[in-house]
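In: 3D model of this:
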Amino acid sequence: MAAEYPLDTDALLTHMERVENGVSVSWQDNRGEAHQETFEWILVATGRKPNLDRLGLENTSLTLNPDGTTPFDLDTLQCGNSAIFLAGDANHYLPVLHEAADEGVTAGTNAALYPQIKPGLRRAPMSVIFSDPQIALAGKRWQDLPAGSFVTGRVSFENQGRSRVMLKNKGMLHLYADKASGRFLGVEMIGPATEHLAHLLAWAYQQEMTVNQMLEMPFYHPVIEEGLRTALRDAAAQLK
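Out: I've put the predicted structure just below:
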């Protein structure tokens with residue numbers, strides 16, 4: 001991405017103000033060098049917050065966080081011991097559509113059956129960013145895994161056959177496998193068609209498959225999934 005436009009993932013913003021012909025921005029890059037430029041527009045992506053302001057939660061017995069949210073059970077979505085359940089964007093946990101749909105079923109069911117509540121469905125974690133190249137993850141992230149407990153299988157898409165033919169041969173895939181059991185733990189990747197790889201690997205994670213079991217699955221030629229097989233073989237070699 002940095003080859004196509006200036007990209008600094010570790011900049012320190014020092015000043016920003018609206019000026020006559022746009023927005024003036026001052027910052028320090030990751031080398032500590034100072035910069036100042038004026039832009040016509042600034043796109044600021046700072047996340048979002050749950051729309052809870054008008055629910056009057058402050059009038060209940062619930063404990064509120066400084067941002068207006070309230071602690072809740074991740075499995076039942078119940079807030080404390082109350083008859084209040086938070087789902088989807090409202091709980092600010094996993095604000096994506098397929099997760100919100102599952103949580104809506106859980107919250108609605110438990111609200112209707114209260115106080116006889118039960119845990120709802122939690123599928124394998126999965127996230128996709130529809131950039132070009134795409135960014136995706138499934139299962140656990142590297143930062144969530146105990147150091148020394150896993151191996152990392154790697155593949156670069158730069159020399160992967162189908163990716164080269166498509167002229168989309170940029171990116172990297174890292175998958176993680178447990179040293180003790182060989183179980184597939186998760187994947188983080190940026191590259192071509194990772195939205196589809198993420199689905200395959202989320203299914204494998206939810207089925208608790210090992211790296212060797214995944215290598216027993218079919219891989220057609222020539223497809224991007226052959227790159228996944230390369231990473232699986234890398235992990236399997238380290239597990240031996």
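
In: in the helix or strand where Glu99 lies, what counts as buried?
Out: In this structure, Glu99 sits in helix 97-113 according to DSSP states H and E. The neighbour-count check on helix 97-113 (16 or more other C-beta atoms under 10 Å) flags 99-100, 102-104, 106-107, 109-110 as buried. Every residue, glycine included, has its C-beta placed from N, CA and C.

In: same question, stretch 163-172
Out: 163, 168-172.

In: closest to Gly32 out of those residues?
Out: Nearest to Gly32 out of those is Met172 (C-beta to C-beta; 27.7 Å).

In: surely the closest one and Ser156 touch.
Out: Yes. Checked against C-beta atoms under 8 Å, the pair Met172 and Ser156 is within contact range at 5.4 Å.

In: can you list the domains in the chain?
Out: 8-46, 60-113, 126-239 (automatic domain parsing).

In: can you list the ones you listed in JSON lines and add distance to Ala2 and mean pLDDT?
Out: Shown next, in JSON lines, are these (distance: least, C-beta to C-beta, whole Å; pLDDT from 0 to 100):
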{"stretch": "domain 8-46", "distance to Ala2": "9", "mean pLDDT": "91"}
{"stretch": "domain 60-113", "distance to Ala2": "27", "mean pLDDT": "93"}
{"stretch": "domain 126-239", "distance to Ala2": "11", "mean pLDDT": "97"}
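
In: please work out which of the ones you listed is packed deepest.
Out: Ranked by mean neighbour count, the domains of the chain are led by domain 126-239 with a mean of 18 (mean count of other C-beta atoms under 10 Å).

In: thinking again about what came up before, and the contacts of the helix holding Glu99?
Out: 76-78, 83, 85-89, 91, 93-94, 117-123 (C-beta atoms under 8 Å, 6 or more residues apart in numbering).

In: ok, 10 Å please
Out: 72-78, 83-91, 93-94, 116-123, 125-127 (C-beta atoms under 10 Å, 6 or more residues apart in numbering).

In: partner strands of the helix or strand that that helix is followed by and their direction?
Out: For helix 97-113, the succeeding helix or strand toward the C-terminus, using DSSP H and E, is strand 126-129. The pairing partners recorded for strand 126-129 under DSSP bridges are strand 134-139 (antiparallel).

In: now the strand it pairs with: how far from the chain's centre is it?
Out: With C-alpha atoms, centre = their mean, to the nearest Å as the basis, strand 134-139 stands 6 Å off its chain's centre.

In: direction included, what does the helix or strand following that strand pair against?
Out: Next helix or strand after strand 134-139 toward the C-terminus (DSSP H and E): strand 150-156. Strand 150-156 has its sheet partners listed here by DSSP bridges as strand 172-178 (antiparallel).

In: and whichever helix or strand comes after the partner strand, C-alpha only, in PDB?
Out: As assigned by DSSP H and E, the chain's next helix or strand after strand 172-178 is strand 184-191. Extracted in PDB, the C-alpha atoms of strand 184-191 (Å, rounded to 0.1, in the frame of the first residue of the first chain):
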ATOM      1  CA  PHE A 184      -4.800 -24.600  14.000                       C
ATOM      2  CA  LEU A 185      -5.200 -21.600  16.200                       C
ATOM      3  CA  GLY A 186      -5.700 -18.600  13.800                       C
ATOM      4  CA  VAL A 187      -4.500 -16.600  10.800                       C
ATOM      5  CA  GLU A 188      -3.700 -13.000   9.900                       C
ATOM      6  CA  MET A 189      -3.200 -12.000   6.300                       C
ATOM      7  CA  ILE A 190      -3.100  -9.300   3.700                       C
ATOM      8  CA  GLY A 191      -3.400 -10.300   0.100                       C
END
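
In: for strand 184-191, packing partners?
Out: strand 126-129, strand 134-139, strand 150-156, strand 172-178, helix 194-206, helix 211-215, helix 225-239 (3 or more C-beta pairs under 10 Å, 6 or more residues apart in numbering; DSSP states H and E).
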